[in-house]
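Colleague: Quick one, structure for this:
(chains A and B)
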There are 2 protein chains.
Amino acid sequence: MSFCDHIRSCNNYDTAHVVPLIAGNDRIGLLRRDNAEALRRFPDVFGVAQHEVEVVARGDVAAVSRAVDAVVDALVDERRVPKWRNETFDVTSRWGTPPVFRLDRGAVPFFGTRAYGVHLNGYLRQGDVIYLWVGRRSPSKQIAPNKLDNLVAGGIGNEHGVRETLLKEGEEEASIPARLMSRAISAGAVSYRMETRLGIRDDVLFVYDLEMPDDFVPRNRDGELVDFQLIAASEVLERIRTTSDFKFNVNLVILDFAVRHGLLGPDDPEYLDVATGLHRPLD
Amino acid sequence: MSFCDHIRSCNNYDTAHVVPLIAGNDRIGLLRRDNAEALRRFPDVFGVAQHEVEVVARGDVAAVSRAVDAVVDALVDERRVPKWRNETFDVTSRWGTPPVFRLDRGAVPFFGTRAYGVHLNGYLRQGDVIYLWVGRRSPSKQIAPNKLDNLVAGGIGNEHGVRETLLKEGEEEASIPARLMSRAISAGAVSYRMETRLGIRDDVLFVYDLEMPDDFVPRNRDGELVDFQLIAASEVLERIRTTSDFKFNVNLVILDFAVRHGLLGPDDPEYLDVATGLHRPLD
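Modeller: Numbers count the residues shown, from 1 in each chain, chains lettered A, B, ... in the order given. Below you'll find the model as predicted:
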């Protein structure tokens, strides 16, 4: 295990395994070939060709979303997709452009549409030492149960902004009041493209840092995190370097924090690979 | 002009224009095809094949360096290479591995060997406003004369470390005492691959931030920078967005600073392209 192993496992994407999902002139997703084949029986919604799949359902966003959702229901019945039924993500060619349709969060990896999240590094300085607040994910989470996590993290659902999601998740996951969260500093984006059992995760994480008051103790409200620990950043890094205790993408977010704050520097043999490996260009 | 235009112009590299420069089993450079052709008349030093050029000179680092240097002298005579004669760079397959040979800095783009530099963002906080110290390059500089620059920047010559180069350049370029420079924080790496008139720049810049004392005024000693200004970061960003006043790669270093410090955030339409565009993976 090494820092770069975590980066590699989040970037195990192989272009030979996928075909693009197209809407009009834009690529909006990446379908693994087996997933593309599974769409052949919905010719009113998806046109499956050898080298691409096209959205052929017509109408406004609501109409296309309904058509795709009926396909998702069928895929859930076939156990190809775990439907979440409580959250939809906008499907667009790029951040900030109008959605082509809205997609149940559980079906996002099947279609390989880009998903956006927000992660907060909650940290504390004591003298020259930096500590990180680390959460533990609930054993009942669908993804990465029991794994260690950032203080706050969440996917950005449709019609929600980045700051808005950060604020909402901060309250639900760690009882961070809005006034404190307003001091969180936007610090970049971590991006990766990963093949999973379900398909392709094409993820962009908006990263924020928040220096926490000494006397603040996070308290979870939504059951998604079961406890919190304050751990010296050096110890967190050693744990990342030697274990898989942290959720796969949280390793990358904390490595980015470590690089930006000089906790991981040029004397580490993995430094340059880490510093240049956390930001997959958006193509 | 936009933020992304600066990123694109530093990443205008086209794989179709080059062949790899090989030593043993490692790629150590990227030769534009016309430059590769020019090496055909030195068969004792370089083996030029259709799809690659190999270092065939044998011996220890000093011997291979002498053989390559004789080739560089001939290329200087042909005006293909501007020799600097005062600084050599280590040529390696990756940072931290022993050099295959040492190369005059002026010949680095011709061979497309990776070059390493160090750049310092010298900044000041006044209330909520961040100011950046900006240098202006001498009109007599070979590269980017008269352009605006970071407070301190320099190439990492052979046998010099990152911190050592930062310290030396800090003293020469801006009279920053060692004691103050020891507070500089390593903050990541900016990387890009660029085709220029001379060949390929395959650059990695180690980035540092230093919060400057209110009463410190930089003073240049080596003639490489002719003056310094303290400019509000927002004004620096606007100038980057709308002009080419800054040296090509300094635009990227300052954009990285802006992203990490929340000066450029998700509300800017170019944010994600900037945040994911400054760190070309090292391949």
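
Colleague: so what secondary structure elements neighbour the longest helix belonging to chain A?
Modeller: Secondary structure of chain A per DSSP state H: the longest helix is helix A:61-77. Other elements packing on helix A:61-77 under the criterion 3 or more C-beta pairs under 8 Å, 6 or more residues apart in numbering or on different chains; DSSP states H and E are strand A:101-104. C-beta coordinates here come from the backbone N, C-alpha and C atoms, glycine included.

Colleague: Let me know the average pLDDT across stretch A:191-199.
Modeller: Averaged over stretch A:191-199, pLDDT sits at 97.

Colleague: With stretch A:219-234 instead?
Modeller: 96.

Colleague: for that stretch, which positions count as buried?
Modeller: Under the neighbour-count criterion of 16 or more other C-beta atoms under 10 Å in any protein chain shown, stretch A:219-234 has A:220, A:224, A:225, A:228, A:230, A:233 buried.

Colleague: ok, of those, which one's closest to chain B?
Modeller: Nearest to chain B among the buried residues of stretch A:219-234: residue A:233, at 13.4 Å, using C-beta to the nearest C-beta.

Colleague: Rebuild the buried residues of stretch A:219-234 as TSV, extending it with secondary structure and distance to residue B:61.
Modeller: Shown next, in TSV, are these (DSSP: H, G, I helix; E, B strand; the rest coil; distance: C-beta to C-beta, whole Å):
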residue	secondary structure	distance to residue B:61
A:220	coil	58
A:224	coil	56
A:225	strand	54
A:228	strand	53
A:230	strand	49
A:233	helix	38
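
Colleague: quick one: which helix or strand includes residue A:171?
Modeller: Of the helices and strands defined by DSSP states H and E, residue A:171 is found in helix A:162-174.

Colleague: Which elements pack onto that helix?
Modeller: strand A:114-126, strand A:129-137, strand A:152-155, helix A:178-181, strand A:200-211, strand A:225-232.

Colleague: Quick one, which of those gets closest to residue B:128.
Modeller: Evaluated over these, closeness to residue B:128 peaks at strand A:200-211, with 14.8 Å, by C-beta to C-beta.

Colleague: so what strands line up beside the closest one?
Modeller: Strand A:200-211 has its sheet partners listed here by DSSP bridges as strand A:114-126 (parallel), strand A:185-195 (antiparallel).

Colleague: Report the two of the buried residues of stretch A:219-234 separated the most.
Modeller: Largest separation among the buried residues of stretch A:219-234 by C-beta to C-beta: A:224 and A:233, giving 23.4 Å.

Colleague: got the residues of the stretch 151-283 of chain A near chain B?
Modeller: A:161-163, A:185-189, A:191, A:204, A:206, A:259-262, A:265-266, A:269, A:271-273, A:275-282 (C-beta under 8 Å from any C-beta of the partner chain).

Colleague: Buried ones only from those, please, as a PyMOL command.
Modeller: The buried subset of these, as determined by 16+ other C-beta under 10 Å, is captured in PyMOL by this line:
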select buried, chain A and resi 162+163+186+187+188+189+191+204+206+259+260+261+262+265+266+271+272+273+275+276+277+278+279+280+282
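
Colleague: My guess is residue A:80 contacts residue A:38. True?
Modeller: Yes: using C-beta atoms under 8 Å, residue A:80 is in contact with residue A:38, at 6.0 Å.

Colleague: Who is the spatially closest residue to residue A:11 that is not a sequence neighbour paired with across the strands?
Modeller: Leaving aside its chain neighbours, residue A:11 sits nearest to residue A:192 (5.1 Å; criterion: C-beta to C-beta, 6 or more residues apart in numbering or on different chains). Beta-bridge partners for residue A:192, by DSSP bridges, are residue A:203.

Colleague: Tell me how many other residues crowd the residue of the stretch 1-150 of chain A found nearest chain B.
Modeller: Across the stretch 1-150 of chain A, no residue is closer to chain B than residue A:95, which sits at 5.4 Å (C-beta to the nearest C-beta). If you count neighbours by other C-beta atoms under 10 Å in any protein chain shown, residue A:95 ends up with 19.

Colleague: Which stretch among the strands paired with strand A:200-211 is buried most, on average?
Modeller: strand A:185-195 (a mean of 24; mean count of other C-beta atoms under 10 Å in any protein chain shown).

Colleague: chain center to that one, what's the gap?
Modeller: Between the centre of strand A:185-195 and the centre of its chain there are 8 Å (C-alpha atoms, centre = their mean, to the nearest Å).

Colleague: try stretch A:253-264
Modeller: Remark: stretch A:253-264 is offset 18 Å from the chain centroid, using C-alpha atoms, centre = their mean.

Colleague: Show residues contacting that stretch.
Modeller: By C-beta atoms under 8 Å, 6 or more residues apart in numbering or on different chains, the residues outside stretch A:253-264 that reach it are A:3, A:6-7, A:119, A:121, A:123, A:130, A:132, A:150, A:153, A:187-188, A:190, A:205, A:207, A:209, A:233-234, A:236-237, A:240, A:246, A:270-271, A:274-275, A:278, B:185-188, B:260.

Colleague: same thing with stretch A:236-250?
Modeller: A:1-3, A:6, A:9-10, A:119, A:132, A:134, A:137, A:143-144, A:147-150, A:153, A:190, A:192, A:194, A:203, A:205, A:231, A:251, A:254-255, A:258, A:263-264.

Colleague: tell me how far the ends of it are from each other?
Modeller: Stretch A:236-250 has an end-to-end distance of 11 Å (C-alpha to C-alpha, to the nearest Å).

Colleague: Touching, residue A:35 and residue A:110? I think so.
Modeller: Yes: between residue A:35 and residue A:110 a contact is recorded at 5.4 Å, counting by C-beta under 8 Å.
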